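here you go, sequence then predicted model.
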Amino acid sequence: MKKTIFALAAASVMMFAAQTASAQLFFGGSIGFTTTSVTAGNRTDNGTSYKFSPEIGYQINDNIAFGAVVTIQRGLPYVGSFDTNDLKGFGTAYASMQADMQDMNGQRFNGFRIAPYFRWIFLDTRRFDLFLDATFSYGSLSQKVRDNNNIWQDNGKYNLLEIAARPGFRLKFDGGRFSIVGRLGSLGYQSLKLAGRTDQKISRFGLDMDTNNLMLGFCISL
């Protein structure tokens, strides 16, 4: 009986060791910024938006990983197209430009988001991976406005919720220690609520996968 228990315990340790042998801690993230300069007559005003999104995760084996992304943001640091035939790109560029100049326009936006995810890697090769992230994210967007006395006042806070599936890819370099990670679009549900109110809410569900919705970052495996 003791030999049987010892054999089972040894087999369990060996299975755990084999599992953790391929496990990897990884970290990475992405950054973004935009800056706008507006000249009117003899006056030139400048403004900037930025975001910082560190990421940490743990790859259990060749097919399963989990992690989380935390985003801190000011304004809307997104680069779009000024081509009016590209409505999505033009709208993004215009909104970002307005957010860059938020101080001049008498308003400020600050955002925070945390997004844990579960990753299924359905194609693993020496040079690249293809994966699908199932993510649940929660965040907030606060707004301040400048009154007539040039004092910044709180003007509401919005709570953000998203449940989504995002396909992505990972390009490996240096034996997989350094990677470029991309996520292409999403399929999911989004909700926007005004904090402290139950009668104001926006809910959306949809699919959006194109090159305009590509998010790139980097990853370093330990």
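Perfect, thanks for sending it.

wait, is Leu216 part of a strand?
Yes. With DSSP: H, G, I helix; E, B strand; the rest coil as the criterion, Leu216 is located in a strand.

beta partners for the closest residue to it other than its chain neighbours?
The spatially closest residue to Leu216, leaving aside those adjacent along the chain, is Gly182, at 5.1 Å (CB to CB, 6 or more residues apart in numbering). Placement of C-beta: from N, CA and C, glycine included. On the basis of DSSP bridges, Gly182 is bridged to Phe169, Leu216.

check what pLDDT Gly182 gets.
Per-residue confidence (pLDDT) for Gly182: 89.

which stretches in this protein count as helices?
Using DSSP state H, the helices found in the chain span residues 2-21, 87-100.

contact partners for Trp152?
Under the criterion of CB atoms under 8 Å, 6 or more residues apart in numbering, the neighbours of Trp152 are 108, 144-146.

that one and Asn105, how far apart?
13 Å (CB to CB, to the nearest Å).

point out where the chain drops to low pLDDT.
By pLDDT under 70, the low-scoring segments of the chain are 1-22, 210-213.

please check the contacts of Trp152 and keep the buried ones.
108, 144, 146 (16 or more other CB atoms under 10 Å).

touching, the second one and Asn155? I think so.
Read it as Lys144. Yes. Using CB atoms under 8 Å, Lys144 is in contact with Asn155, at 5.9 Å.

so what sits against both of those two?
Common neighbours of Lys144 and Asn155 (CB under 8 Å, 6+ apart) are Gln107.

can I get the contacts of Trp152 in JSON lines including distance to Ser186?
Below are the contacts of Trp152 laid out as JSON lines (distance: CB to CB, whole Å):
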{"residue": "Arg108", "distance to Ser186": "27"}
{"residue": "Lys144", "distance to Ser186": "29"}
{"residue": "Val145", "distance to Ser186": "31"}
{"residue": "Arg146", "distance to Ser186": "35"}
